[in-house]
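J.: Quick one, what's the 3D model for this:
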Amino acid sequence: MNLSAKLGVGMSVFFTLFCLGFAFSGFLSIGELTDAKLRSDALGFAWFWTFLAAVGVLFAILSWWIMRAPQPDA
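T.: Model (predicted):
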């Protein structure tokens, strides 16, 4: 169980960083847009990826919490 939890933490951190990369890319591209519709779409894109990053952080914390829990002797 401990190996699975460690793998879960690692994959969640990777997923979070991946999502944050897209979110930052979206937020940084907003300054170049002049059309209000495109600007709104870009903000929605960036906030969506930010939400996904928050989900990744939540799963990383949960996996870490499971990893810390004492394991019963089988």
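
J.: what about the longest helix in this protein?
T.: The helix that spans the most residues within the chain, counting by DSSP state H, is helix 36-68.

J.: From the contact counts, what lies against that helix?
T.: Counting contacts by 3 or more C-beta pairs under 8 Å, 6 or more residues apart in numbering; DSSP states H and E, helix 36-68 is packed against helix 2-29. For the C-beta atoms, the positions are set from N, CA and C on the backbone; glycine is no exception.

J.: buried ones in the helix it packs on?
T.: Residues of helix 2-29 classed as buried: 5, 8-9, 12-13, 15-16, 19-20, 22-23, 26-27 (neighbour count, 16 or more other C-beta atoms under 10 Å).

J.: And the lowest mean pLDDT element among the helices and strands of the protein?
T.: helix 2-29 (a mean of 90; mean pLDDT, DSSP states H and E).

J.: Give me the helices and strands touching that one, please.
T.: Using 3+ C-beta pairs under 8 Å, 6+ apart: helix 2-29 touches helix 36-68.

J.: Which positions in the helix it packs on come out as buried?
T.: Buried, per 16+ other C-beta under 10 Å, within helix 36-68: 42, 45-46, 49-50, 52-53, 56-57, 59-60, 63, 67.

J.: Please name whichever of these scores lowest on pLDDT.
T.: In terms of pLDDT, the lowest of the buried residues of helix 36-68 is Met67, showing 83.

J.: Pro70 and Phe15: what is the separation?
T.: 27 Å (C-beta to C-beta, to the nearest Å).

J.: Now do the contacts for the most centrally placed residue in the chain.
T.: The chain has Ala53 as the residue nearest its centroid, 1.9 Å off, counting by C-alpha atoms, centre = their mean. By C-beta atoms under 8 Å, 6 or more residues apart in numbering, the contact set of Ala53 is Thr16, Cys19, Leu20, Ala23.
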